[in-house]
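> curious how this folds, go ahead:
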Amino acid sequence: MNEIDFETMCRDASFILGVDDPEQLARDGYVDIDSVRVGLFFDEQKNSEQICCYVDIGEFAENDHARVPGQILLNNMLYDLSEIAIPFDTVELNEMNAPAVLDMKLVRDFMWAIGPVSSLFDFITFGALLIFFKADQSLFQTGWFIESLCTQVLVIFVIRTRTNPLKTRPHPWLVVTAVAVLVIAIGLPYTVMGSYFGFTPLPLAFFVVLTVMVVVYLLVVEFVKRRFFLRQSINNQPQYLVR
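Residues are numbered from 1 along each chain as shown. Coordinates of the predicted model:
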């Protein structure tokens, strides 16, 4: 490719991008589209076949780009800690009547049944934060962080049994670790460590909405779980995740 070919390509690109001045990209090396700068350039002497493209979306606030991965890792770490006592949890008697192997097909189907419920309530949380609380970036991330941990930590008490979760008692250590993680998650935005991760204190109204959402979420999961195992029973399949 030479300069003439490059200029022709720039004009074609300008037409596709809807740029008013078709010569600007070739002349200046960049165009601005909705405050986003798009550039094309090449070095004929260094590598005439290589074209470089860059998109400049502006400056990030300091450390903003690095905080989201840290928030996700912290979320995962706290969740793992909340479930560390699962090996001590009790097992229902009917699951110990005979040796069993893990039924991966049933596990997969159960995931397909429960997973969309979790995603749905995540989207509801996003909508509430953006529409009702007019959340900025920090408030949005903080709200999602707490909602995510509350739902995934508490739902274990629903799916740990195929029966009524209120009639089977989890191991005390599982309760302790779950409560401890929830306290840490809710209190973290009000600490110096929370500021380090980019969190911000949430309004009291958010926790009212969160409480309602978590209760409804757990009830919906319980309903879906019972329907799932009822369907498995009708189909003469095992009603637990092993066979």
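
> what's the local residue count around Ala13?
17 (other CB atoms under 10 Å). From N, CA and C alone the C-beta is placed, and that goes for glycine too.

> thought it was touching Gly39?
No: the pair Ala13 / Gly39 is not scored as a contact, 10.6 Å apart, by CB atoms under 8 Å.

> from Val38, how far off is Cys52?
Per CB to CB, to the nearest Å, Cys52 is found 12 Å from Val38.

> neighbour count winner among the two?
For the pair Cys52 and Val38, the greater number of neighbours falls to Val38 (18 against 10), based on other CB under 10 Å.

> distance from the helix or strand hosting that one to the middle of the chain?
Under the criterion of DSSP states H and E, Val38 resides in strand 36-41. Centroid separation for strand 36-41 versus its chain: 31 Å, with CA atoms, centre = their mean, to the nearest Å.

> same check, this time on stretch 134-143
14 Å.

> got a list of contacts for that stretch?
Applying CB atoms under 8 Å, 6 or more residues apart in numbering, the contact partners of stretch 134-143 are 64, 67-68, 71, 125-126, 128-130, 133, 189, 194, 198-202, 206, 210.

> let's go with 6 Å and repeat that
Under the criterion CB atoms under 6 Å, 6 or more residues apart in numbering, residues Leu129, Pro189, Gly198, Phe199, Thr200, Leu202 lie in contact with stretch 134-143.

> and for stretch 183-197?
Gly70, Gln71, Thr142, Ile146, Leu149, Phe199, Thr200, Pro201.

> among those, which ones are buried?
Buried residues within the contacts of stretch 183-197, counting neighbours by 16 or more other CB atoms under 10 Å: Gln71, Thr142, Ile146, Leu149, Phe199, Thr200.

> can you put those residues in TSV and add distance to Asp5?
Listed next are the buried ones among the contacts of stretch 183-197 as TSV, based on distance: CB to CB, whole Å:
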residue	distance to Asp5
Gln71	46
Thr142	51
Ile146	55
Leu149	55
Phe199	51
Thr200	52
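
> between the residues you listed, which is nearest Glu7?
Gln71 (45.4 Å; CB to CB).

> give me the element that closest one is part of.
Per DSSP H and E: helix 64-82 holds Gln71.

> please tell me how far Arg169 sits from Thr161.
10 Å.

> typo on my end, Glu7
In terms of CB to CB, Glu7 sits 70 Å off from Thr161.

> Arg37 too?
56 Å.

> between those two, tell me which one has more neighbours.
Thr161 (20 against 13).

> could you look up the SS state of that one?
coil (DSSP: H, G, I helix; E, B strand; the rest coil).

> who are the contact partners of it?
Taking CB under 6 Å, 6+ apart, one finds Thr168 in contact with Thr161.

> would you list the phi and psi of it?
Backbone torsions of Thr161, given as degrees, to the nearest 10, read phi -140, psi 150.

> can you give me the strands in this protein?
Assigned by DSSP state E, the chain shows strands spanning 30-33, 36-41, 52-56.
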